[in-house]
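Asks: I'd like to go over a predicted model; first the sequence, then the structure.
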Amino acid sequence: MYSVTAIITERDVRNREKTDVAPPVLPLEIAGLSTIEFTELLFEHEERLKHFFPETVVEEVVSNEFE
């Protein structure tokens with residue numbers, strides 16, 4: 001069975017912890033963002049999102065859900 005407590009840090013080729021800061025992904029983390037922070041996050045990942053969702057979903061539906 002999988003659990004959030006089983007999540008571990010990614011490792012680099014030398015088996016050191018990666019130092020990249022993970023983007024907010026949990027609902028409480030996203031809800032805590034300001035509109036500007038959310039828009040910046042959405043813009044940063046926009047191209048990847050458009051590979052999976054129609055453009056109107058990314059721009060309208062996701063933004064409306066955030067509000």
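Replies: Looks like it arrived, so ask away.
Asks: so how many other residues sit close to Val58?
Replies: By the measure other C-beta atoms under 10 Å, the count of residues near Val58 is 19. To be clear about C-beta, it is placed using only N, CA and C from the backbone, and glycine gets the same treatment.
Asks: Look up which helix or strand the closest residue to it other than its chain neighbours falls in, please.
Replies: In space, and not counting its chain neighbours, Val58 is closest to Leu49: 4.8 Å by C-beta to C-beta, 6 or more residues apart in numbering. Using DSSP states H and E, Leu49 falls within helix 46-50.
Asks: List of residues touching that helix?
Replies: Residues outside helix 46-50 that contact it (C-beta atoms under 8 Å, 6 or more residues apart in numbering) are Leu42, Val58, Val62.
Asks: Report the next helix or strand after that helix in sequence order.
Replies: helix 55-56.
Asks: And stretch 25-35, how far out from the chain middle?
Replies: Stretch 25-35 sits 9 Å away from the centroid of its parent chain (C-alpha atoms, centre = their mean, to the nearest Å).
Asks: about what we covered before: if you average pLDDT over the helix holding Leu49, what comes out?
Replies: Mean pLDDT, helix 46-50: 83.
Asks: if you count residues, which helix in the protein comes out on top?
Replies: The residue-count maximum for a helix in the chain (DSSP state H) belongs to helix 35-44.
Asks: Check which helices and strands that one sits against.
Replies: helix 62-66 (3 or more C-beta pairs under 8 Å, 6 or more residues apart in numbering; DSSP states H and E).
Asks: List the buried residues of the helix it packs on.
Replies: By neighbour count with 16 or more other C-beta atoms under 10 Å, helix 62-66 contains no buried residues.
Asks: I am finished for the moment; much appreciated.
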